[in-house]
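# sequence and predicted model, in that order:
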Amino acid sequence: MQSNKFTKVKTSMKNIATTENEKSAITLTTVIYALYAASYFVGITAIIAIVMNYVKKDDVVGTFLESHFRWQIRTFWFGVLWGVLGTITMVFIIGWFVLVADGIWIIYRIVKGWLRLNDGKPMYTV
């Protein structure tokens, strides 16, 4: 009986995807990063991405992709938090700086996560 879970891997992405489940999970994680990136142009894609994160989270438990899902979920919620705080404080000018910093931080998180996924590395080392 073949397990649908896969192990932590620290090699290149070309070497890690050996089963269909692994390939599917890596593709899904890539699509979610793309949806977060696209949210700068079409905001609704971030909502689609966070829903996908929560729906598929159990499929990646125990794999290096679990850390990517955690990274994506935290990026979304902290981005929303700082976006709301920035919007509320826009009247005081400081909000504009908060929104710009939030935008830069989100871009950084998307790029860093996507690059580490491409290298087949987890987001956090244990």
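Yes, it's here.
# which of the helices or strands spans the nearest residue to Lys57 once chain neighbours are set aside?
Nearest residue to Lys57, sequence neighbours excluded (C-beta to C-beta, 6 or more residues apart in numbering): Phe69, at 5.4 Å. For every residue, glycine as well, the C-beta is placed using N, CA and C. Assigned by DSSP states H and E, Phe69 belongs to helix 64-88.
# now do that helix: distance to the chain's middle.
Between the centre of helix 64-88 and the centre of its chain there are 8 Å (C-alpha atoms, centre = their mean, to the nearest Å).
# and that helix, what does it pack against?
helix 20-38, helix 44-56, helix 94-118 (3 or more C-beta pairs under 8 Å, 6 or more residues apart in numbering; DSSP states H and E).
# most tightly surrounded among those helices?
Highest mean neighbour count among those (mean count of other C-beta atoms under 10 Å): helix 20-38, with a mean of 18.
# got the angle for it vs helix 64-88?
For helix 20-38 against helix 64-88, the angle by axes from the mean of the first three to the mean of the last three C-alpha atoms, to 10 degrees is 20 degrees.
# dump the helices and strands packed on helix 64-88 into CSV; add distance to Val84 and mean pLDDT as well.
Shown next, in CSV, are these (distance: least, C-beta to C-beta, whole Å; pLDDT from 0 to 100):
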stretch, distance to Val84, mean pLDDT
helix 20-38, 18, 93
helix 44-56, 14, 96
helix 94-118, 10, 96
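# quick one: which of these is nearest Thr63?
Of all the helices and strands packed on helix 64-88, helix 20-38 sits nearest to Thr63, with 7.0 Å by C-beta to C-beta.
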